[in-house]
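J.: Have a look; sequence and predicted model below, questions after that.
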Amino acid sequence: MSDAVALAPRAAKVDLAGWWIAPPLIVLALLFLYPLTLIARAALIDDSGGLNLAAAFEVLDSRAFLDALLNTAEIAVASTAGCVVLGLTLGLILAFAPFPGAGLVARIVDTFIALPTFLVTLAFTFLYGSAGILNGALTSGLGLDHPPVDFLYSAWGVVLAEVTVYTPFVLRPLLAAFSLVDRSQIEVASLLGARPLRIVRQVILPAALPAIVAGGSLCLLLTVNEFGIVLFIGAKGVITLPLLIYDKAIQESDYQAACAIAMVNVALSLGLFGLYRFAARRLGG
């Protein structure tokens, strides 16, 4: 009897060791899963509460959606390639060919991360716009009737702005990776007669490949979802998925179409993120 009484309080105890995860899951559900559920419901459920896939498929089969998807892919791939090339070039110069003021240049490039994307686009308008500094100088200097530089209001203007904004996301991990490269390997390769390009290709790039994949994948994700640059430049005929969602929801008040396109945009972003994680694991393993 005394043993049973002694064991009673222990039996009444509840193990709460695993309940710590409940609050984060609740917050995640409220901030992420619930809004996604609302978007999916608006895209797939009609006003009567029934499942309506035909309307969503009609939107996704439209010429406007297919053009926006193609524009998004082309701009994202071109911008990411530009970020990787420019980031790699700057990283190699700053890490292996130091010059007076190299640290200042690196810090200035870093500041672009903190700037709003529309601010860079506004600066480009002052520089390369129809009434910008470059066109003004060329028009007055050459006696032209029309501004000769008009690439800004096209897909190439969007790509240039995105490369300017997102190159630091490639440069930062590259500089961190370059700082870990064994300089003795470079010296040995140089003493053995290897040219600089061969040293970069066979010694430096293999060590920096995970950083290139990480930075490039992040740029691809960011450029796929970029909205401010495309909207602010206002390039004629350049409609991306985020801009099409804005047009459908705000301009046309077609929320079902906007939500259907948004689901595709979310799926594309999650797919790219999953590809990045897979590549990072393979390279790291």
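T.: Great, that's in hand. Numbering: from 1, shown residues only.

J.: per-domain residue ranges of this structure.
T.: Domain assignment for the chain by automatic domain parsing gives 19-51, 62-284.

J.: ok, of those, where does mean pLDDT dip lowest?
T.: Ranked by mean pLDDT, the domains of the chain bottom out at domain 19-51, which scores a mean of 74.

J.: which helices and strands does the strand or helix carrying Tyr246 pack with?
T.: When elements are assigned from DSSP states H and E, Tyr246 belongs to helix 241-246. When contacts are defined as 3 or more CB pairs under 8 Å, 6 or more residues apart in numbering; DSSP states H and E, helix 241-246 sits against helix 63-96, helix 228-233, helix 255-284. No exception for glycine: its C-beta is placed from N, CA and C like everyone else's.

J.: okay, the angle between the first one and helix 255-284?
T.: Per axes from the mean of the first three to the mean of the last three CA atoms, to 10 degrees, the angle that helix 63-96 makes with helix 255-284 is 30 degrees.

J.: Return the set of buried residues in helix 63-96.
T.: 65, 68-69, 71-72, 75-76, 78-80, 82-84, 86-88, 90-92, 94-95 (16 or more other CB atoms under 10 Å).

J.: How about the second one?
T.: Along helix 228-233, the positions that meet the burial threshold by neighbour count (16+ other CB under 10 Å) are Gly228, Ile229, Val230, Leu231, Phe232, Ile233.

J.: Could you dump those residues into TSV with distance to Gly103 added?
T.: Compiled in TSV, the buried residues of helix 228-233 are given as follows (distance: CB to CB, whole Å):
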residue	distance to Gly103
Gly228	30
Ile229	29
Val230	34
Leu231	35
Phe232	32
Ile233	32
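
J.: And for the helix holding Tyr246, what's in contact with it?
T.: 64-65, 68-69, 72, 224-227, 230-231, 258, 261-262, 264-265, 268 (CB atoms under 8 Å, 6 or more residues apart in numbering).

J.: wait, what's in contact with the most centrally placed residue in the chain?
T.: Centroid-nearest residue in the chain, with CA atoms, centre = their mean: Leu222, separated by 1.5 Å. Contacts for Leu222 were tallied using CB under 8 Å, 6+ apart; they are Tyr166, Phe169.

J.: got it, and the one 4 residues further on?
T.: Neighbouring residues of Glu226 by CB under 8 Å, 6+ apart: Thr117, Glu162, Thr240, Pro242.
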